[in-house]
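>>> Below are the sequence and a predicted model; questions follow.
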Amino acid sequence: MAETRTLRDAVAELVHDGDTVALEGFTHLIPFAAAHEIIRQGITDLTLARMTPDVVYDQLIGAGLVKKLVFSWGGNPGVGSLHRFRDAVENGWPRPLELDEHSHAGMANRYVAGASKLPFAVLRGYRGSGLATRTDTVSTVVCPFTGEELAAVAALNPDVTVIHAQRADRDRNVQFWGVLGVQKEAALAARRVLVTVEEVVDELPPTPGAVVLPGWTVDAVVPVPGGAHPSYASGYSVRDNAFYRAWDPVARDREAFRAWLAEHVLSEGTAN
């Protein structure tokens with residue numbers, strides 16, 4: 001059974017140095033508050049997994065906590081590059097960053113395999129791309145029924161998956177809806193699951209298109225209203241487009257980034 005915790009305590013208990021951590025959410029429901037608590041606690045040597053690493057991973061990489069990134073596509077949506085990510089790859093600042101790059105379909109299937117407790121997933125993909133030559137987590141298999149050669153991707157089982165959701169009930173069942181990515185699959189693939197939510201309610205009302213994670217799949221639920229900002233939570237908040245635009249000049253300059261991190265993350269404790 002999941003426990004309702006403070007964010008500080010949940011992160012300290014569930015996220016450890018050297019872990020493989022997935023902070024998932026697709027444009028929407030991105031767990032920024034949890035990422036900032038990881039930065040404040042200085043949890044390091046992380047392997048980060050994410051289908052679309054955007055500003056949240058730019059911040060973690062720039063903070064020097066990440067040794068490896070498992071991903072598909074990276075950028076500041078609607079704006080441009082992730083400059084802390086680029087600086088780590090191109091210049092090794094603040095530390096070198098190892099990359100394991102995939103297609104979106106490849107990453108999604110890796111999570112599905114992990115959630116299904118299978119060693120790998122099969123898909124048609126990677127043909128015409130050099131990605132398969134750059135990773136040891138892509139191979140090929142021959143279909144025993146048709147003889148067709150297909151791509152195979154190794155299962156991805158994070159040590160901990162962190163997601164943000166709209167609601168949880170008193171039994172810690174979690175409900176989320178709207179623009180979804182692979183939050184469900186990443187949670188079910190993980191060894192430990194931390195969920196921040198907009199609110200805890202007595203009962204989860206039926207909601208069209210909603211996904212519900214039962215309480216027994218979740219290790220901790222933390223009420224953090226606004227915990228997805230500057231992304232958004234459908235029904236609760238809107239995307240802060242101005243933040244994403246303003247991030248570009250901050251991230252371009254090492255000293256500007258350090259100053260931003262000190263003012264907006266490291267100087268802020270959390271009572272959540």
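Here it is on my side, so go on. Numbering: from 1, shown residues only.
>>> pLDDT wise, what is Glu255 at?
Glu255 is assigned a predicted lDDT (pLDDT) of 98.
>>> same question for stretch 192-206, mean pLDDT?
Predicted confidence along stretch 192-206 averages 96 (mean pLDDT).
>>> how about it: buried residues?
Using 16 or more other Cβ atoms under 10 Å as the test for burial, stretch 192-206 gives Arg192, Val193, Leu194, Val195, Thr196, Val197, Glu198, Leu204. Where you see a C-beta, it was placed from the backbone N, CA and C, and this is true even at glycine.
>>> Okay, now the unreliable bits of this protein?
1-4, 269-272 (pLDDT under 70).
>>> Mind checking which residue lies nearest the centre of it?
Centroid check for the chain by Cα atoms, centre = their mean gives Leu23 as the closest residue, at 1.9 Å.
>>> got a list of what that residue touches?
Neighbouring residues of Leu23 by Cβ atoms under 8 Å, 6 or more residues apart in numbering: Ile30, Pro31, Ala34, Ala35, Leu48, Arg50, Val56, Tyr57, Thr161, Val162, Ile163.
>>> nearest to Val250, of these?
Proximity of those to Val250 was ranked by Cβ to Cβ; the top entry is Val56 with 14.0 Å.
>>> Not counting sequence-adjacent ones, nearest residue to Gly74?
Among residues not flanking Gly74 along the chain, Pro53 sits closest, at 4.5 Å (Cβ to Cβ, 6 or more residues apart in numbering).
>>> Helix or strand for that neighbour, just tell me which one.
Counting by DSSP states H and E, no helix or strand carries Pro53.
>>> hey, where'd the helices end up in the stretch 101-250 of the chain?
Per DSSP state H, counting those that start in this stretch, the stretch 101-250 of the chain carries helices over the ranges 104-115, 183-189, 241-252.
>>> what's the closest of the ones you listed to His229?
Of the helices of the stretch 101-250 of the chain, nearest to His229 by Cβ to Cβ is helix 241-252, at 7.8 Å.
>>> outside of the closest one, which residues touch it?
Contacts for helix 241-252 (Cβ under 8 Å, 6+ apart): 55, 58, 62, 76-80, 82-84, 229-230, 256-257, 260.
>>> try 7 Å this time
Contact with helix 241-252 is made by 55, 58, 76-80, 82-84, 230, 256-257, 260, as judged by Cβ atoms under 7 Å, 6 or more residues apart in numbering.
>>> Next, the buried residues of it.
For helix 241-252, a neighbour-count test (16+ other Cβ under 10 Å) marks Tyr244, Trp247, Val250, Ala251 as buried.
>>> now stretch 124-137
So, applying 16+ other Cβ under 10 Å, buried residues of stretch 124-137: Gly125, Tyr126, Leu131, Ala132, Thr135, Thr137.
>>> Run through who's touching it.
Contacts for stretch 124-137 (Cβ under 7 Å, 6+ apart): Asp100, Glu101, His102, Ser103, Ala105, Gly106, Val138, Leu150, Ala151, Val153, Ala154.
>>> thinking again about what came up before, would you turn the buried residues of stretch 124-137 into a markdown table with distance to Arg40?
Output for those, formatted as a markdown table (distance: Cβ to Cβ, whole Å):
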| residue | distance to Arg40 |
| --- | --- |
| Gly125 | 38 |
| Tyr126 | 38 |
| Leu131 | 34 |
| Ala132 | 38 |
| Thr135 | 32 |
| Thr137 | 31 |
